[in-house]
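Undergrad: Quick one, structure for this:
(chains A and B, ligands or ions: 2)
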Amino acid sequence: MSEKLNGQESPPKKKKTTRVEVDVTRRDVLTLAGIAAGSAVASVALTSGPLSPFAGLQREQLTAGEESAGHGATGKHHWGMVIDLDRCIGCEYCLRACSATNDVATDKPWNIVVPEETSTGVPFYFSRPCMHCQVAPCVEVCPVQATYVREDGVVIMDYDRCIGCRYCEVACPYDARKFNWETNTEHNPYIPTWGIAEIPRRPRGVAEKCTFCVHRIDQGLANGLVPGVNPEATPACVNICPVGARTFGDLKDPNSKVTQMISKNPTIVLREELGTRPSVYYIPPKEGL
Amino acid sequence: MAVSTIDNKIEKKPIQMKPGLIAWFLLIGLLLLIGLISAFRVFSQGLVLTNMSDTVPWGLWITIDLSSIALGAGAFTLSAIVYLMGLKRFQPIIRLAIYVGFIGYTAALLTLVMDIGRPDRFWHPWVYWNVHSVLWEITWCITIYLTIMIFEVLPVITELKFFDRWPWTRTAAHKLHSIAPLLALLGLLISLLHQSSLGATYGIVKARAIWFKPSMPIMFILSAIAVGPALTMTVAFLSEWITGKRRIPHDILFTIAQYSGFALLVYGYLRFWDTMATTYYGRTPSVMQALSLLRETTPYNFSFWVLEIILGVLVPAILFLMPRFRRRPVLLVIGTGLAVMGIIVNRWNTTVSGLTVPLSYSPGVLYQAPTGSYFPNLTEWGIALGVIGYVLFMLTIGMLFLPLFPKEEKH
Ligand code: SF4
Ligand code: SF4
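TA: Ligands and ions are numbered 1, 2, ... in the order given. Purely as a prediction, here's the structure:
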């Protein structure tokens, strides 16, 4: 192709009076051809190939609205929770059971319970575990993949890998992460009244957060139990709630309690506009929010 | 040749310690001692010693990281000018620029190691990759760029008399030197990337309205390439005043100041539109709430307008550009000082302001996560002093012992 081009361009060279084209060399043509070919490849790759910046977006976020539970979880299950804001009485039992079971420092609870009010002034209580986002900002920002979304949708920490940069804490939209500023040596006042420690304390210098009591889920499944049905395989906060405000189960199982509740009740997720696709759903108060 | 002999004399002179120099080294030693004691305490007792908290998990140290990397940008900007744009006139300042950049980056790494909760795992980002994380990308870029800078600084070090004994080091260094343009090009790409993605660290956090904007990376890179070269220029002037030898032609330094002035104006202009677009024209409730909260609870308004914009951008731009000022070294040095202050205040404001504003995720209208409040405590300042001591130490030994300046002037 380059020769052909050169051939076309050489005739004017002979007419010395015009001098239209003088210094397009074979090398120039080759370079230009290379640039053209490179651009073509880049265009194809960027617009259609797996490298396309929008491919991931399509896959991950555009489907969020279509499926009730937007399955970021790729496995058989997707563990999720439904919290009924109308039922919650603000007793903080969930906070205490959680702090005992996971041996959490009392000033940094994984679960918070706070008094709230609807826009019409009706009081209610709001509690918040980790949302176990399927598109989790904390997972996206962690430089070492010390936190990740498991196949069953649970977002957990690898305490042996975390470098303690606290970027996840900064990026989590729900304030669900806490950092171990010091070695936790305090006496845990919730043990044994509210439960016993089932996992070791985290070392100094790493981030931590609610795990959906993943140790119970894993052990329960191994023993043939059903998380959300058998208490041994269910998060401590769900078991302890005296009014049944929290329900746990498999969002992928159409017959599970959580799926049933989501289909029968109006539900919301927190800060839906961020596209984080939480695994925790809230049933708002009857009066509306 | 004549200049070369002078250079050799300079290398020998400082060995006769003058009282001034001794006092200077004592001061540096004191700063380093404070830093070491603070570092030891933090390593042994943990980050609980700092005033950082779960609401404001980043603070002074991150500000130091960001600032010293931004201020090290003179290395890649001037390298680009010489090797990429082919303006060989600026060659004499390259070594100094790279050395200053090297100090900036190593200072940042030192602080970073203090700041992470598990310094023993500093190597994890190299082994465990999360390619989606800007912080991972930054760690890699900084590592690669620092390696490049070491390669660029090595030839300078082997020129020391000390290495006479091992001639092969010189040959090796010479080979390295011949690929300097290639290194510079690679370094340029890498540092463009991470200087910007340091801004993206904040810009991508969608949870926080006041950070979440695409202009963040642009602002970071622009301010860095504006102020970095000015800092190199100032170091050149300072070394000239202290040693009493003019070693980098002044016209180069004046041109750099002028360039910095223009770059500052561009930065200031874009900053203006950034502010206008987010606050005046396109205000969203969350951004406006955040800003009024900052105005009420922090000196954000003052530090933004007065320290960042007026003193940090406009005044230096005037000093660098007005014909009556721009050829007066003292004013240029003062201008750089102000611009450097502007950068530091900017990085501080970016970090702390975004964290002060509480997250609002609750579905109701009553509950607000706690408002952050943060001011560094003595331990954190101690580390800061130590880093300053390190920077001064490196600058001093660089000037005393390293052939950072050209041996022959072509002008
Ligand atoms: S709520 Fe926060 S910590 Fe939990 S998965 Fe989402 S972003 Fe991560
Ligand atoms: S603190 Fe740990 S888990 Fe969080 S982003 Fe940093 S390395 Fe990852």
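Undergrad: Near residue A:155, how many residues? Count them for me, please.
TA: Per other C-beta atoms under 10 Å in any protein chain shown, the neighbour tally for residue A:155 reads 26. All C-beta atoms are positioned from the backbone trio N, CA, C, and that covers glycine.
Undergrad: For it, list the residues it contacts.
TA: Residues in contact with residue A:155 (C-beta atoms under 8 Å, 6 or more residues apart in numbering or on different chains) are A:130, A:132-133, A:136, A:138-139, A:147-149, A:209.
Undergrad: Tell me how far the residue lying closest to it once chain neighbours are set aside lies from residue A:222.
TA: Leaving aside its sequence neighbours, residue A:155 sits nearest to residue A:132 (C-beta to C-beta, 6 or more residues apart in numbering or on different chains; 4.8 Å). In this view, residue A:132 and residue A:222 are 21 Å apart by C-beta to C-beta, to the nearest Å.
Undergrad: Name the residue in the two with the higher neighbour count.
TA: residue A:132 (30 against 9).
Undergrad: For that one, which three-state class applies?
TA: coil (DSSP: H, G, I helix; E, B strand; the rest coil).
Undergrad: Looking at it now. What's its pLDDT?
TA: On the pLDDT scale, residue A:132 is placed at 96.
Undergrad: Residue A:135 contacts residue A:272, doesn't it?
TA: No - in this structure, residue A:135 is not within contact of residue A:272 by C-beta atoms under 8 Å, at 11.6 Å.
Undergrad: about what we covered before: which members of the contacts of residue A:155 occur in strands, if any?
TA: A:147-149 (DSSP state E).
Undergrad: where exactly do the strands run in chain A?
TA: Secondary structure of chain A (DSSP E): strands at A:79-84, A:112-117, A:123-128, A:147-149, A:155-157, A:178-179, A:207-208, A:246-250, A:280-283.
Undergrad: Could you point out which of those strands sits nearest ligand 1?
TA: Closest to ligand 1 of the strands of chain A, according to C-beta to the nearest ligand atom: strand A:155-157, at 4.0 Å.
Undergrad: can you narrow the ones in strands among the contacts of residue A:155 to ones near ligand 1?
TA: For ligand 1, no contacts are drawn from these by C-beta under 6 Å from any ligand atom.
Undergrad: Any chance of the strands of chain A in CSV with distance to ligand 2 as columns?
TA: Formatted as CSV, those follow (distance: least, C-beta to the nearest ligand atom, whole Å):
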stretch, distance to ligand 2
strand A:79-84, 20
strand A:112-117, 19
strand A:123-128, 19
strand A:147-149, 4
strand A:155-157, 6
strand A:178-179, 7
strand A:207-208, 4
strand A:246-250, 24
strand A:280-283, 20
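Undergrad: As JSON lines, those strands with mean pLDDT would be great.
TA: JSON lines is the format used below for the strands of chain A (pLDDT from 0 to 100):
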{"stretch": "strand A:79-84", "mean pLDDT": "96"}
{"stretch": "strand A:112-117", "mean pLDDT": "95"}
{"stretch": "strand A:123-128", "mean pLDDT": "95"}
{"stretch": "strand A:147-149", "mean pLDDT": "94"}
{"stretch": "strand A:155-157", "mean pLDDT": "95"}
{"stretch": "strand A:178-179", "mean pLDDT": "96"}
{"stretch": "strand A:207-208", "mean pLDDT": "97"}
{"stretch": "strand A:246-250", "mean pLDDT": "96"}
{"stretch": "strand A:280-283", "mean pLDDT": "96"}
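Undergrad: Could you work out which of the ones you listed reaches nearest to residue A:217?
TA: Nearest of the strands of chain A to residue A:217, taken as C-beta to C-beta: strand A:79-84 at 6.4 Å.
Undergrad: interface residues of the stretch 51-200 of chain A facing ligand 2?
TA: Residues of the stretch 51-200 of chain A lying near ligand 2 (C-beta under 6 Å from any ligand atom): A:141-142, A:144, A:146-147, A:162-168.
Undergrad: which residues touch residue A:189?
TA: For residue A:189, the contact set (C-beta under 8 Å, 6+ apart) comprises residue A:106.
Undergrad: Could you tell me how far it is located from chain B?
TA: 20 Å (C-beta to the nearest C-beta, to the nearest Å).
Undergrad: and the strand or helix carrying residue B:233 with chain A, contact?
TA: Residue B:233 belongs to helix B:215-243 when elements are defined using DSSP states H and E. No - judged by C-beta under 8 Å from any C-beta of the partner chain, helix B:215-243 makes no contact with chain A; its nearest approach is 13.7 Å.
Undergrad: which parts of the helix or strand hosting residue B:351 are buried?
TA: Residue B:351 is part of helix B:329-356, with elements assigned from DSSP H and E. Within helix B:329-356, the residues that count as buried by 16 or more other C-beta atoms under 10 Å in any protein chain shown are B:329, B:331-336, B:338-356.
Undergrad: Identify all contacting residues around stretch B:56-63.
TA: Stretch B:56-63 has contacts (C-beta under 8 Å, 6+ apart) with A:166, A:169-170, A:179, B:50-52, B:111-112, B:114-115, B:344, B:347-348, B:351-352, B:355-356, B:372-374, B:376, B:380-381, B:383-384.
Undergrad: hmm, which of those are the buried ones?
TA: A:166, A:169-170, A:179, B:50, B:52, B:111-112, B:114-115, B:344, B:347-348, B:351-352, B:355-356, B:372, B:374, B:376, B:380, B:383-384.
Undergrad: Show me the beta-bridge partners of the nearest residue to residue A:268 once chain neighbours are set aside.
TA: Leaving out its chain neighbours, the residue that sits closest to residue A:268 by C-beta to C-beta, 6+ apart is residue A:282, at 5.2 Å. Counting by DSSP bridges, residue A:282 forms beta bridges with residue A:83, residue A:268.
Undergrad: so residue A:282 touches residue A:271, yeah?
TA: No - under the criterion of C-beta under 8 Å, residue A:282 is not in contact with residue A:271, lying 11.5 Å apart.
Undergrad: shared neighbours, these two?
TA: Counting by C-beta under 8 Å, 6+ apart, nothing touches both residue A:282 and residue A:271.
Undergrad: Looking at these two now, which is surrounded by more residues?
TA: residue A:282 (23 against 20).
Undergrad: what about the more buried one, distance to residue A:119?
TA: Residue A:282 sits 15 Å away from residue A:119, going by C-beta to C-beta.
Undergrad: What of residue A:216?
TA: For residue A:216 relative to residue A:119 (C-beta to C-beta), the value is 37 Å.
Undergrad: Comparing those two, which residue is more hemmed in?
TA: Neighbour totals were compared for residue A:216 and residue A:119, and residue A:216 leads with 23 against 12 (other C-beta under 10 Å).
Undergrad: what sits against that one?
TA: A:198, A:227, A:232-236.
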